[in-house]
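Chemist: just to be clear, the model below is a prediction. Sequence and coordinates:
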Amino acid sequence: MSDDIVLTYRIETPGSVEGLARKIASDQSTGTFVPLPGETPELKARVAARVVDVRMLEPVAEPAFGRTHDDLAEPRSFNCGEADIAFPMEAVGTDLAALMTIAIGGTFSIKGFSGIRVTGLTLPDAFGRAWPGPQFGIEGSKRLTGVSGRPIVGTIVKPALGLRPPESAAMVRELVEAGVDFIKDDEKLMSPAYSPLAERVKAIMPVVLDHEQRTGKKVMVAFGITATDPDEMMRNHDLVLAAGGNAAVVNINSIGMGAMAFLRRRSGLVLHAHRNGWDILTRHPSLGLDFSVYQTFWRLLGVDQFQINGIAAKYWEPDASFLRSYHALRRPLFRPDDRPLPVVGSGQWGGQAPATYAAVRSTDLLYLCGGGVVSHPMGPAAGVRAVRQAWEAAVAGIDLAAHAADHPELAASLEAFGGADAKGA
């Protein structure tokens, strides 16, 4: 493998795509707006970025950024292309903050773009040696939940905010008795005054451990440990671990890469990554970065479970984008075991199971349902059973309606949630 770091940029401009690619390479390595006395050919040969390839795409009539900028106001066509730019390892090293700063951060401030998006990232093997990657990942998550041959079925304690610790514990009790594999705090729940983390852990973990003692099954509960101060976050981590917990929710964009690296190197918990805030970086199709690029940083840093959306999600992301995210997580970076568990969520219930399985052809996922479980008309326990029944049907190739004929929980779920546009129902 090459020692170069290669970034792919999708460029839109009223000018030259190749010229802007050269400007990215210059501005983000040795160049500046005037020639410099120290910018020798020898220095450039050692550390300057270079354009490896430019592939032209069809031009567009309207600029992605709109015509509000003076240089985009007049009618014209806009050229589009993809450019591969190589950054020498000697210039960047394996530090992820340096990589983000050099190859991504400054690019968006360059003049001349009517659209610019980072769509690809290829890293040398040195990054795989420098960063720990997942500690548990897919196989560890399966082992700890005792699940094989099917998705890990999970849910979220709802309402997201407002429940006191005893109320949360009562819901957890009902869910663990129903056979759920995974329960998590909502990402918005950290340690508010009405439900401090310490009190929540104290109320919930005895329920989990009692169920394990009686049945042999330990349900994975991921507590929200996110905090601004890395030391406080570690104290939260230690509190969960000492109580017998084995997982934590971490809002990765809120804590940043440095705090994630700090946590991972000291962690004994499965780290469940919530990506809230990613949409800011990607929702505009001609700005920001693709998930395949974004997820590379966090996988290297060590997330074990990575929350993405799902088929027919309740948020903006289309199915095709979800599938790209899923397959990006499934591809090893540097070794077979460095893959985090994809977490399929966002408005999921059993109705999307057939379409999800048909699209991914795998049960290596955590199928996370919020309202699809806790709002089931027969109660949360029936909601868990309905999701399990839907996945049984999906994997076996059985129509959901047919399977529901002798599975009342699934039948009630189809009636409650299976509107005219429900996929797979």
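Modeler: Noted; the coordinates are in hand.
Chemist: okay, CA-based contacts and neighbour counts for the rest of this
Modeler: Fine.
Chemist: phi, psi for residue 390 please.
Modeler: phi -60, psi -40 (degrees, to the nearest 10).
Chemist: relative to residue 357, how far out is it?
Modeler: Distance from residue 390 to residue 357, counting by C-alpha to C-alpha, to the nearest Å: 11 Å.
Chemist: equivalent analysis for residue 191, please.
Modeler: 36 Å.
Chemist: cool, and residue 294?
Modeler: As for residue 294, its distance to residue 357 is 25 Å (criterion: C-alpha to C-alpha).
Chemist: now swap in residue 210 and tell me
Modeler: 34 Å.
Chemist: which of these two has more neighbours?
Modeler: residue 357 (18 against 14; other C-alpha atoms under 10 Å).
Chemist: tell me which element the more buried one falls in.
Modeler: Assigned by DSSP states H and E, residue 357 belongs to helix 353-360.
Chemist: please apply the same query to residue 79.
Modeler: Per DSSP H and E, residue 79 falls inside strand 78-88.
Chemist: by contact count, what packs against the biggest helix by length in the chain?
Modeler: Using DSSP state H to define each element, the chain has its longest helix at helix 197-215. Applying 3 or more C-alpha pairs under 8 Å, 6 or more residues apart in numbering; DSSP states H and E, we find helix 197-215 packed against helix 165-177, strand 220-224, helix 230-242.
Chemist: so what strands line up beside the second one?
Modeler: Based on DSSP bridges, the pairing partners of strand 220-224 within the sheet are strand 182-184 (parallel), strand 247-251 (parallel).
Chemist: would you turn those strands into TSV with distance to residue 4, mean neighbour count and mean pLDDT?
Modeler: Below are the strands paired with strand 220-224 laid out as TSV (distance: least, C-alpha to C-alpha, whole Å; neighbours: other C-alpha atoms under 10 Å; pLDDT from 0 to 100):
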stretch	distance to residue 4	mean neighbour count	mean pLDDT
strand 182-184	40	23	97
strand 247-251	31	25	98
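Chemist: and residue 87, which of those strands is closest to it?
Modeler: Closest to residue 87 of the strands paired with strand 220-224, according to C-alpha to C-alpha: strand 247-251, at 29.9 Å.
Chemist: how far does the closest one sit from its chain's centre?
Modeler: 12 Å (C-alpha atoms, centre = their mean, to the nearest Å).
Chemist: output the below-cut-off pLDDT ranges for this structure.
Modeler: Applying pLDDT under 70 to the chain flags residues 1, 31-46, 69-71, 419-425.
Chemist: where do the strands of it begin and end?
Modeler: 4-13, 50-60, 78-88, 115-122, 152-156, 182-184, 220-224, 247-251, 270-274, 287-289, 305-308, 341-344, 366-369 (DSSP state E).
Chemist: between the ones you listed, which one is nearest to residue 199?
Modeler: Once the strands of the chain are compared by C-alpha to C-alpha, strand 220-224 is nearest, at 11.5 Å.
Chemist: and this protein, what are its domains?
Modeler: Domains of the chain are assigned by automatic domain parsing as 4-130, 137-417.
Chemist: tell me the most buried of the ones you listed?
Modeler: Scoring the domains of the chain by mean neighbour count under mean count of other C-alpha atoms under 10 Å gives domain 137-417 as the most buried, with a mean of 19.
Chemist: would you mind measuring the gap between the ends of it?
Modeler: Criterion C-alpha to C-alpha; first-to-last residue distance in domain 137-417 is 31 Å.
Chemist: any idea how far residue 185 is from residue 118?
Modeler: 32 Å.
Chemist: revised request: answer the last question for residue 242.
Modeler: Between residue 242 and residue 118 the computed distance is 42 Å (C-alpha to C-alpha).
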